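Trainee: only geometry, no sequence info:
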């Protein structure tokens, strides 16, 4: 049984050039850039409230996964199993792709609320998990650990949405931003290895910026809805271009300022998150790619 959890000899006969291309594509659905794109597009053009909940649970999962990897320090599979001959430097369990994909796609299915969404989400999440085994990046133990933690996260987050916690959800937006900042500080100073991962402050800053942008729009309040399919597609493309431009510009500006790297990453993440949630939606309305509506109306 131990060999099944930690060895991948059974995967080798399954490999082919065709399947390798397929699973390399599937595994990308659990990668950072794709996840960011999905989160912002869902927030911009599908549903802002649902997109905000999705981002909170996904970003929390990303931070939790990084912490658990460095806490457990479980080794990845032997290099002989890896298709490209190079193994990711981070530790193995829990599998980040699996954990994040299960949380994101299953919670998205819940937010969409359509019967077809659940099997689609399940197939994608299962495909991402198996792709990590196929590509030799994780063993069975890593994938099962990611799956178990993801399911626990989903249940806990669903419980937090019960009416029991309605009062806490109605508190000032300063509270979740402050809690996020405090949690980030605790993580930074209690991280189990040295040095602390470079992306911790980048992700944490983006998280706080995201919440800040949401709070900024909610002050008015602001809501929007899709127009024609062609304008919706243009809205998504323009939003991605705007956000990408901010990220590229920020990188150059922060390099010129020669700030300490931790501070630069925190500031960069903060501005990108604030732009994604507080700036892009009104711009899409101004460019007439989305229509402004009274909050609560569709």
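Mentor: All right, it came through fine. Here the structure is a predicted model, which is why all the values come from computation and not from measurement. Numbers count the residues shown, from 1 in each chain.
Trainee: quick one, helices of the protein?
Mentor: 2-6, 17-27, 32-41, 48-72, 96-112, 117-134, 140-160, 166-169, 174-190, 199-218, 229-257, 261-274, 280-286 (DSSP state H).
Trainee: Pick the most buried one from those helices.
Mentor: helix 96-112 (a mean of 25; mean count of other CB atoms under 10 Å). Bear in mind the C-beta positions are built from the backbone N, C-alpha and C, glycine included.
Trainee: Could you point out which residue ranges in the stretch 51-200 of the chain have low pLDDT?
Mentor: 84-88, 164-165, 169-170 (pLDDT under 70).
Trainee: one more time with 80, if that's ok
Mentor: Counting by pLDDT under 80, the stretch 51-200 of the chain shows low-confidence ranges at 78-81, 83-90, 162-173, 198.
Trainee: related to what we said a few turns ago, so which of the helices of the chain is nearest residue 90?
Mentor: Shortest distance between residue 90 and these, using CB to CB, is found for helix 48-72: 5.6 Å.
Trainee: counting contacts, what elements does the closest one pack onto?
Mentor: helix 32-41, helix 96-112, helix 140-160, helix 199-218 (3 or more CB pairs under 8 Å, 6 or more residues apart in numbering; DSSP states H and E).
Trainee: ok and it relative to helix 199-218, angle-wise?
Mentor: Angle between the axes of helix 48-72 and helix 199-218 is 160 degrees (criterion: axes from the mean of the first three to the mean of the last three CA atoms, to 10 degrees).
Trainee: got the angle between helix 48-72 and helix 261-274?
Mentor: Put simply, helix 48-72 runs at 160 degrees to helix 261-274, going by the same axes, to 10 degrees.
Trainee: For the closest residue to residue 82 other than its chain neighbours, the count of nearby residues, please.
Mentor: Of all residues not flanking residue 82 in the chain, residue 136 sits nearest, at 4.1 Å (CB to CB, 6 or more residues apart in numbering). Residue 136 has 22 neighbours, counted by other CB atoms under 10 Å.
Trainee: Let me know whether residue 136 touches residue 77 as I believe.
Mentor: Yes: counting by CB atoms under 8 Å, residue 136 does reach residue 77; the two are 5.7 Å apart.
Trainee: Please identify every residue contacting each of those two.
Mentor: Common neighbours of residue 136 and residue 77, using CB atoms under 8 Å, 6 or more residues apart in numbering, are residue 8.
Trainee: Now do the phi/psi pair for the residue nearest to residue 82.
Mentor: Residue 136 adopts backbone torsions of phi 80, psi 20, taken as degrees, to the nearest 10.
Trainee: Return the residues in contact with it.
Mentor: Listed by CB under 8 Å, 6+ apart, the contact set of residue 136 reads 8, 11, 77, 81, 82, 83.
Trainee: just residue 111 next, same as before
Mentor: Applying CB under 8 Å, 6+ apart, the residues contacting residue 111 are 47, 50, 53, 54.
Trainee: Turn those residues into JSON lines, including distance to residue 213.
Mentor: As requested, these are exported to JSON lines (distance: CB to CB, whole Å):
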{"residue": "47", "distance to residue 213": "16"}
{"residue": "50", "distance to residue 213": "16"}
{"residue": "53", "distance to residue 213": "15"}
{"residue": "54", "distance to residue 213": "15"}
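Trainee: for those residues, which one is nearest residue 35?
Mentor: Nearest to residue 35 among the contacts of residue 111 is residue 54, at 10.3 Å by CB to CB.
Trainee: could you measure that closest one against residue 110, distance?
Mentor: Applying CB to CB, to the nearest Å, the value for residue 54 to residue 110 is 9 Å.
Trainee: what do you get for residue 208?
Mentor: Distance of residue 208 to residue 110, computed by CB to CB: 25 Å.
Trainee: Then residue 243?
Mentor: According to CB to CB, residue 243 stands 25 Å off from residue 110.
Trainee: Equivalent analysis for residue 161, please.
Mentor: In terms of CB to CB, residue 161 sits 10 Å off from residue 110.
Trainee: again, but for residue 144
Mentor: 22 Å.
Trainee: Run through the residues that contact the residue nearest to residue 63 when sequence neighbours are not counted.
Mentor: The shortest distance from residue 63 to any non-neighbouring residue, by CB to CB, 6+ apart, is to residue 203 (6.2 Å). Shown in contact with residue 203 (CB under 8 Å, 6+ apart): 59, 62, 63, 66, 269.
Trainee: Having no further points to raise, I will conclude here.
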